[in-house]
Each structure stands twice: as C-alpha cells, then as structure tokens.
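Novice: all I have is the shape, not the residue letters:
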C-alpha cells in the first residue's frame with residue numbers, strides 16, 4: 001500500500017498547488033495562532049477552493065473548543081481535522097469529522113496512550129519538545145512505533161527531510177508521512193526543490209525491500 005504524503009503548514013496558493021501537482025495526498029492548514037505557519041480560515045478557504053478535488057484538506061488545531069473546530073472545518077470544507085494539543089479521546093470521538101490525533105513522542109511510554117484508541121484510528125507521531133506543539137523540525141526514535149503499525153494508521157512526523165525520509169519509509173512503511181519545516185525556505189514558505197525531492201524519495205522508498 002502506498003505511503004500517504006501530507007505537506008503541512010501551507011500558507012499560500014503556489015505551495016498548495018505545487019504540492020498537489022507533485023503528488024501530495026493531503027495538505028495541512030494550521031489554525032493555531034501561536035504557530036509561525038498560522039493561516040486564517042478565510043485565507044485557507046481561498047486556497048482550498050483552488051485545489052484539485054482528490055487532495056485531502058486537513059485542519060490542524062491545538063486545544064481549540066469543539067464548536068470552533070466544527071465551525072472552521074465546515075467553513076473551509078476540510079476533509080479531516082488534526083488535534084495536536086491535549087485533547088482527549090472523548091473529544092476526538094465527539095467530532096463529526098474524520099480526526100487525526102497527534103501524539104508527541106518523548107520515549108516509549110509516550111506511545112502507550114495509542115492503545116486507548118480503537119484499532120484503525122489515525123495517529124500522527126511527532127517529537128516531544130517542551131512548550132511546542134509540532135513544527136519543531138526535530139525527530140524521535142522511529143523504531144519505537146513498530147508495535148503499533150499493524151493496528152493503527154500511523155503517520156510519522158518530526159524532523160523529516162528529503163535526505164532522511166527514504167530510510168524511514170523503506171524500513172517502517174508507515175501509513176503516512178507528514179512534513180513541514182523539512183521542505184521550507186522559511187516558516188510557511190516551501191522550497192520547490194525540497195518538495196520535489198521529498199515526494200520523489202517517499203515514492204521511491206515505499207517499494208524498496210527490507
């Protein structure tokens with residue numbers, strides 16, 4: 001099964017359309033105001049309206065109220081929402097949208113909460129950095145997730161770059177990968193060559209034998 005590619009931290013139309021053209025399966029729009037990649041719902045909606053129909057649109061939220069998440073998701077025609085804060089399982093399950101739960105990984109004990117979710121849930125694993133909710137560009141020990149790959153849709157994030165993603169994908173073959181800072185010129189602005197290399201390396205690596 002092909003490894004899905006999510007390009008996160010989209011803030012402009014050019015980056016969104018290039019990502020889609022290169023073969024990204026999903027684009028991430030960050031609605032967390034403290035993020036350097038924050039985008040307003042109005043601007044995100046404008047970009048989303050220009051996307052091809054088969055590209056998923058994921059809204060990233062951090063400790064936002066349920067009503068606010070639903071309002072933004074509806075306004076922007078999001079395909080899914082990603083909860084990257086301290087939201088509970090019950091909060092996630094109450095949303096009328098497909099949801100991704102982000103978990104910040106410090107060590108093996110950080111992953112135990114995954115088992116509280118139903119098999120088949122989509123879990124994004126990012127690096128634990130004190131005071132930060134993703135987008136730090138740092139990686140964690142990817143080998144820790146091996147025991148969860150068969151039961152959950154695991155998306156690997158945190159510190160992925162064009163030059164490092166090949167080994168991770170060919171070794172783990174996760175459900176998906178998520179990249180933001182690793183393909184940027186500056187926060188919120190993608191580097192076209194890094195984008196091309198990242199997508200190409202994922203697609204080449206997913207067919208490699210162990």
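Specialist: Great, that's in hand. Computed from a predicted model, the values in this text were never measured in an experiment.
Novice: and the residue nearest the centre of the chain, what pLDDT?
Specialist: Computing the C-alpha centroid of the chain and ranking residues by C-alpha atoms, centre = their mean puts residue 178 first, at 4.2 Å. According to the prediction, residue 178 has pLDDT 97.
Novice: residue 108 too?
Specialist: Note on residue 108: pLDDT of 88.
Novice: dihedrals phi and psi, it?
Specialist: Note on residue 108: its backbone torsions stand at phi -60, psi -30 [degrees, to the nearest 10].
Novice: can you map out the strands along this structure?
Specialist: 4-7, 26-30, 56-61, 80-83, 98-105, 122-127, 153-156, 176-179, 184-186, 189-190 (DSSP state E).
Novice: how near is residue 165 to residue 205?
Specialist: Taking C-beta to C-beta, to the nearest Å as the criterion, residue 165 is separated from residue 205 by 7 Å. For glycine as for every other residue, the C-beta is placed from the backbone atoms N, C-alpha and C.
Novice: more crowded one of those two?
Specialist: residue 165 (24 against 18; other C-beta atoms under 10 Å).
Novice: for the longest helix along the chain, which outside residues touch it?
Specialist: What stands out as the longest helix in the chain, according to DSSP state H, is helix 192-205. Identification of contacts with helix 192-205 by C-beta atoms under 8 Å, 6 or more residues apart in numbering yields 2-3, 5, 7, 15, 18-19, 22-24, 160-163, 165-167, 169-170, 177, 179, 182-184.
Novice: now with 10 Å, please.
Specialist: 2-5, 7, 14-15, 18-19, 21-25, 160-171, 173, 176-177, 179, 182-185, 190-191 (C-beta atoms under 10 Å, 6 or more residues apart in numbering).
Novice: which of the residues in that helix are buried?
Specialist: 194, 195, 196, 197, 198, 199, 201, 202, 205 (16 or more other C-beta atoms under 10 Å).
Novice: closest to residue 43 among these?
Specialist: Proximity of the buried residues of helix 192-205 to residue 43 (C-beta to C-beta) peaks at residue 195, which lies at 20.0 Å.
Novice: what is the burial count for residue 52?
Specialist: 8.
Novice: sorry, that was for residue 86
Specialist: There are 10 residues near residue 86, going by other C-beta under 10 Å.
Novice: thought it was touching residue 61?
Specialist: No - Residue 86 is beyond contact range of residue 61, at 11.5 Å (criterion: C-beta atoms under 10 Å).
Novice: enumerate every residue touching the residue lying closest to residue 198 once chain neighbours are set aside.
Specialist: Take residue 198 and drop its neighbours on the chain: the residue closest to it by C-beta to C-beta, 6 or more residues apart in numbering is residue 162, 4.5 Å away. For residue 162, the contact set (C-beta under 10 Å, 6+ apart) comprises 179, 182-183, 191, 193-202.
Novice: against residue 69, how distant is residue 162?
Specialist: Separation of residue 162 from residue 69 (C-beta to C-beta): 32 Å.
Novice: one more: residue 152?
Specialist: 22 Å.
Novice: again with residue 182
Specialist: Taken as C-beta to C-beta, the span from residue 182 to residue 69 is 26 Å.
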